[in-house]
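**Student:** Here's my sequence, what's the structure:
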Amino acid sequence: MIVSHPNEQTVRDALRQVIDPELDCNIVDLGLIYSIHIQGTKVSVAMTLTTPACPMQERIAMGVQSALLNLDSVEEVDVDLVWDPPWSPARMTEEGRSRMGIYES
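**Tutor:** Prediction:
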């Protein structure tokens, strides 16, 4: 059996399943994903949260691991929570801003 390696789009699509429960929006559209590095069947994600004091840190990080390990081509996941640069609503996708009711003037 040939196992294909994940690609960035597949990883991003899987991460859209991870919802920030306080904001009811997925972590990709919130702009929380800073980088994705794929090496074979290992995926490393550098991400942040909306605030360092977020009480959902562990739950969201576990959600990332679970979503990615559910991909057939992923065997190992490394989640690195980073705080620099700090998150701001400017990092959100258009879909995320729309979902949150943030409209540019």
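
**Student:** drop to CA atoms for contacts and neighbour counts, all remaining ones
**Tutor:** Fine.

**Student:** State the mean pLDDT of the helix ranked longest in the chain.
**Tutor:** Assignment by DSSP state H gives helix 57-69 as the longest helix of the chain. Here helix 57-69 scores 96 as its mean pLDDT.

**Student:** Quick one: distance of it to the chain centre.
**Tutor:** Relative to its parent chain, helix 57-69 has a centroid offset of 9 Å by C-alpha atoms, centre = their mean, to the nearest Å.

**Student:** before we move on, what about stretch 87-99?
**Tutor:** 13 Å.

**Student:** could we number from 31 for the rest of this?
**Tutor:** Will do, 31 is the new start, and the previous item becomes stretch 117-129.

**Student:** Quick check: mean pLDDT of that stretch?
**Tutor:** 91.

**Student:** For it, which outside residues touch it?
**Tutor:** Where contact means C-alpha atoms under 8 Å, 6 or more residues apart in numbering, the residues beyond stretch 117-129 that reach it are 55, 56, 58, 59, 60, 61, 62, 78, 79, 80, 81, 133.

**Student:** Next, the closest residue to residue 73 other than its chain neighbours: phi, psi?
**Tutor:** Spatial nearest neighbour of residue 73, chain neighbours left out: residue 107 (4.9 Å); criterion: C-alpha to C-alpha, 6 or more residues apart in numbering. Phi and psi for residue 107, reported as degrees, to the nearest 10, are phi -130, psi 140.
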